[in-house]
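Asks: dropping the sequence and predicted coords here.
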Amino acid sequence: MRTGFTVSLIIAVICILASGSVARDDSVVTEVRIDDEGIYVGERQYQTSAIESSGVGVTVIGEDVVRFGNDIFVDQDEIIEGDVVALFGDIVCEGTIEGDAVAVGGNIDVGESGEIKGDAVSVLGMVTRESGGRVWGETVSVGRVCPVTARFRPYGGSFFSRTWRLVGKIVGTILIAVVGTLIIAVARGAVDNISMAAKRQAFKMGLIGLLSEVVILVVAALFAVTIIGIPISMLVGLAALVAFIAGYVGVCVAVGRRWGNHGERSPYASLMLGIILLQALIIIGGIVGLPGGVLGFVGYIVSLIGWAVIYVAATVGLGAVVMSRFGTRPVEVAHTDESVT
């Protein structure tokens, strides 16, 4: 095998020197050097990427592979000796990855012939492995993407699956009510400050919340690139989750006070009414879509609008949490704007 590798290098050198014969007269090759890393012609390096292994051509990439916004495909005849990192993209491994595989905002799929000798880490995604695929290190999945994108066709499947999705929405609504009640009982003043900020400056809080989401994603991605930074990335995600929940509870209270005319006297009743109003569309969509077919598609559209309403409310709440410093101080406004989320 070593002899064949050396012969291939010599042939490659001959090809390079031969191609130089048709170059311009002023082109000069000062040095030709061959070692295990590749072929050096002057200051330029020509890496050897094809070797013979059991009669099969294998492509070897001797460096890390990092891409932003694009998927990374490792073919069956490819070996990547470094790490593979995809930011907001998927990693599909059919070949061999000698180092770690990290996907932020994407999934990692290890095929039947795929092999990851390091760790497989997916932030806001999942790590899946087909039969025959191997991951020698640890397999870590931190969170998932929004259920709307994870279930692109919720109107499909059996009646049983559609029923369970509806049950999940109802249970989730109940959990939000329970958690919101506990938050009000423990930190009523903070909820009042968040609610008032969201009520008086909904548009501004929405913009601040949107900017905060971008910052959170960037910070989490930067720390998640290395295995050492994964715990920090998880802490950032946990803090963001707490902020989202607190903000959403504050927005629910604001909506309930506005439409229920509860004023400042009943934050619990305002919370319940606000949750019902904001969660109504996803539950109605689930009920409408139970029969499937055309009604299933209509239910999906209604649920999609409902998820959009929830996302906007949570984003406004996040902005209110940031501006009120987790509800520790009221947000002062120059002009009172009674517009409601």
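Replies: All right, it came through fine.

Asks: give me the residue at the spatial middle of this structure.
Replies: Gly105 (2.3 Å; CA atoms, centre = their mean).

Asks: hang on, that residue packs against Ile216?
Replies: No. Gly105 is beyond contact range of Ile216, at 11.9 Å (criterion: CB atoms under 8 Å). In short, each C-beta sits where N, CA and C put it, glycine included.

Asks: quick one: contacts for the spatially closest residue to Arg188 that is not a sequence neighbour?
Replies: Counting by CB to CB, 6 or more residues apart in numbering, Arg188 lies nearest to Pro267, which is 6.4 Å off, once chain neighbours are set aside. With contact set as CB atoms under 8 Å, 6 or more residues apart in numbering, Pro267 has these partners: 184, 188, 191-192, 195, 253.

Asks: can you pick the most crowded of these?
Replies: Highest neighbour count within the contacts of Pro267: Val253, with 33 neighbours (other CB atoms under 10 Å).

Asks: look up the closest residue to that residue, ignoring the ones flanking it.
Replies: Leaving aside its sequence neighbours, Val253 sits nearest to Ser195 (CB to CB, 6+ apart; 4.3 Å).

Asks: the one you found contacts Ala254, doesn't it?
Replies: Yes. Using CB under 8 Å, Ser195 is in contact with Ala254, at 4.4 Å.

Asks: so the residue nearest to the residue nearest to the centre of the chain when sequence neighbours are not counted versus Val60, what's the distance?
Replies: In this structure, Gly105 finds its nearest non-sequential neighbour in Phe88, 4.0 Å apart by CB to CB, 6+ apart. To Val60, Phe88 is 27 Å away according to CB to CB, to the nearest Å.

Asks: and the helix or strand hosting Ile276, which residues are buried?
Replies: For Ile276, the element it lies in under DSSP states H and E is helix 267-288. For helix 267-288, burial by neighbour count (16 or more other CB atoms under 10 Å) applies to 267-268, 270-279, 281-288.

Asks: and what of stretch 300-307?
Replies: 300, 302-303, 306-307.

Asks: how far off centre is the strand or helix carrying Gly209?
Replies: Under the criterion of DSSP H and E, Gly209 resides in helix 202-224. Centroid displacement of helix 202-224 relative to its chain, using CA atoms, centre = their mean, to the nearest Å, is 13 Å.

Asks: quick check: next helix or strand after it?
Replies: That would be, after helix 202-224 and using DSSP H and E, helix 230-260.

Asks: which secondary structure elements does that next one contact?
Replies: For helix 230-260, the packing partners by 3 or more CB pairs under 8 Å, 6 or more residues apart in numbering; DSSP states H and E come out as strand 120-123, strand 139-142, helix 159-186, helix 188-200, helix 202-224, helix 267-288, helix 293-323.

Asks: rounded mean pLDDT for that helix, please.
Replies: Averaged across helix 230-260, pLDDT comes to 85.

Asks: chain center to that helix, what's the gap?
Replies: For helix 230-260 - counting by CA atoms, centre = their mean - the centre lies 18 Å from the chain centre.

Asks: so it versus helix 267-288, what angle?
Replies: Between helix 230-260 and helix 267-288, the angle comes out at 100 degrees (axes from the mean of the first three to the mean of the last three CA atoms, to 10 degrees).

Asks: just the angle between helix 230-260 and helix 293-323, please?
Replies: 100 degrees.

Asks: for helix 230-260, buried residues please.
Replies: For helix 230-260, by 16+ other CB under 10 Å, it's 230, 233-234, 236-237, 240, 243-258, 260.

Asks: and which of the contacts of Pro267 is nearest Glu98?
Replies: Among those, Val191 lies closest to Glu98 (CB to CB), at 51.0 Å.

Asks: from memory Gly69 sits against Leu87, does it?
Replies: Yes. Counting by CB under 8 Å, Gly69 touches Leu87, with 7.0 Å between them.

Asks: who has more neighbours, these two?
Replies: Using other CB under 10 Å, the more surrounded residue of Gly69 and Leu87 is Leu87, with 21 against 10.
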